[in-house]
Structures are given as C-alpha cells and as structure tokens.
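[1] Prediction below, plus the sequence it came from.
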2 protein chains.
Amino acid sequence: MNSQFKKGILELLVLHILTKNDCYGYEIVNKISESISISEGTIYPLMRRLKGDGYVTTYLSESTEGPPRKYYHLADSGIEEHNRLKEEWDTFFERVNILLGEEA
Amino acid sequence: MNSQFKKGILELLVLHILTKNDCYGYEIVNKISESISISEGTIYPLMRRLKGDGYVTTYLSESTEGPPRKYYHLADSGIEEHNRLKEEWDTFFERVNILLGEEA
DNA sequence: CACAGTATCTTGTTATGCAAGGTACTAAAC
DNA sequence: GTTTAGTACCTTGCATAACAAGATACTGTG
C-alpha cells in the first residue's frame, strides 16, 4: 500500500470513525486496518496531535482483557474539522479523477 | 488546498499527462494548476525523481518565447508505473470512500 | 531600460506515515 | 510457575514529498 496516498486522509478517517462512537486507539487501528493497512506507530502520534489541537478529549476506562483503554471523544471543534476535511477530500478526489479521466 | 492529500498522487497525475503527449515542466505545472494548486518547486524535483527512476527520458527544444524547454517523454517502465499507480489509487480511494460512507 | 511572461533549477522547512522497539496487563497452555 | 499470545498503551528515528522562497536567464513590450 502506497503510504504517501494516506497522508492527511487518516486524520479524516479517524475523525469520521469518532463521529459514530467514542473509540480507543487500538480499536481505531483495527477498524481502519480492515480496509487500509495501518500501524499503531501511525495512530498513536496522530491521536496525540488531535488532542493537542483540541479536536478530541480523552478518558480512561478499565478493561477485563488487558490494560486500561484510553477512549477518544470528538469535541465540537473536531466535528467542524471533520466537516471541513471531508469537503476538502471530496473536492480533491473529484478533481483528481477528472484529470485522470480525460481522453488518453 | 491540503498539501498532504497530494502526496504520491502528483506522480500519478504527471505520468498520466505524459501518456498523452511529451510535455515540458512549466507546461505540466500549468495543466495541473487548472484543477489543483501546485508550485514549480514541487514539479521540478518530482521530474528529477522520475528521470532518476528511469520512468521518463528528456530532450531539449528551443522556444521563441523564452529559454529552451526540457521535454519529458514517458519510457516503457513509466507506462508500467503509471498503470500500477493508477490501480493503487483506484483501490485506495474506493476503500476510503467506503469507510467514509458508512452510516453515521 | 525596466518589466512581465516564459522557463529552468535549488535550498531548507514542514508534515506525516512507519518500522522498530519498549512497557504492562490478562488468560490459556505447558 | 513460567512461557506464550492477545490486548493495549507509548516513543524514537527514518524516509518521503510538497512547498515557500529565491536564483538564473531568455524574449518581447512599454
């Protein structure tokens, strides 16, 4: 999988997942991994960035299956960021596909 | 325009443009710029990479409107790379859009 | 002669994905 | 009871690629 393609889009995917439910990091890795190969070393620094930017808040929750889980909850500004990014992505891939679709 | 989104895709766009006609750098910048903002500082290093990888060959041609133009011609391996990248992109954006399309 | 347009290029900065590694808890297997 | 696998967190250092800014040089117009 071309890792360059993922640049910037993983942020959108994570924000999108969090619009549905609060999730913990390991869970996010697994959800995205079903479709797009992704590693923990990518997600954890990304979550830290999202928190630093105020897009998410966190809370800990005990687990019976391992160490405590750190759940991420989408803040209001995170919802706005999600909508903004989504629109940018829609515009972007539409333009790319138009360029790629022109007669050869 | 989110510059992260462009990572890796500009290579595909350039290769695609060259499947139609040989082009010079400035011309490529202008063609892509019609749809996606792009700067010369991005394209010239990219062209150098493509040549270094053997995907394109170059030749100079005089111009009456300015300095000589360096034309880029797609090599056979460049055509293969184009097809490979195109398939990767198609798969990738399809998966992203499926993830983004799931019920909120 | 200055300036806009055409055309090439380089340097240094920035962003972000990833491999590799470390820590720690639970439960099953040996 | 100790090893192993699965869950779950984290960090460091590397590689890649887009971009701002600036340098160079040719042509034609005001």
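    Structure received. Residues are numbered from 1 along each chain as shown, chains lettered A, B, ... in the order given.

[2] Every contact and neighbour count from this point should use C-alpha atoms.
    Noted.

[3] element containing the residue nearest the centre of chain A, please.
    Against the mean C-alpha coordinate of chain A, by CA atoms, centre = their mean, the closest residue is residue A:14 at 1.8 Å. Following DSSP states H and E, one finds residue A:14 within helix A:9-20.

[4] Determine if any part of that helix is in contact with DNA strand C.
    Yes. Using CA under 7 Å from any atom of the strand, helix A:9-20 reaches DNA strand C at A:9, A:10, A:11.

[5] Show me which residues of chain A sit near DNA strand D.
    Applying CA under 7 Å from any atom of the strand, one finds that chain A approaches DNA strand D through A:4, A:24-27, A:40-42, A:44-45, A:48, A:63, A:65-71.

[6] Strands - which of the residues you listed land there?
    Applying DSSP state E to the residues of chain A next to DNA strand D, the entries found in strands are A:24, A:69, A:70, A:71.

[7] Stretch A:23-33 and DNA strand C, are they touching?
    No. Stretch A:23-33 lies out of reach of DNA strand C by CA under 7 Å from any atom of the strand, never closer than 9.5 Å.

[8] if we can go back for a sec, out of the residues of helix A:9-20 next to DNA strand C, which is nearest to DNA strand D?
    For the residues of helix A:9-20 next to DNA strand C, the closest approach to DNA strand D (CA to the nearest atom of the strand) belongs to residue A:9, at 13.2 Å.

[9] And stretch A:79-98, what's buried?
    Across stretch A:79-98, burial judged by 16 or more other CA atoms under 10 Å in any protein chain shown covers A:79, A:81, A:82, A:85, A:86, A:89, A:92, A:93, A:95, A:96.

[10] Just give me the least confident of those residues.
    When the buried residues of stretch A:79-98 are compared on pLDDT, residue A:93 comes out lowest, with 92.
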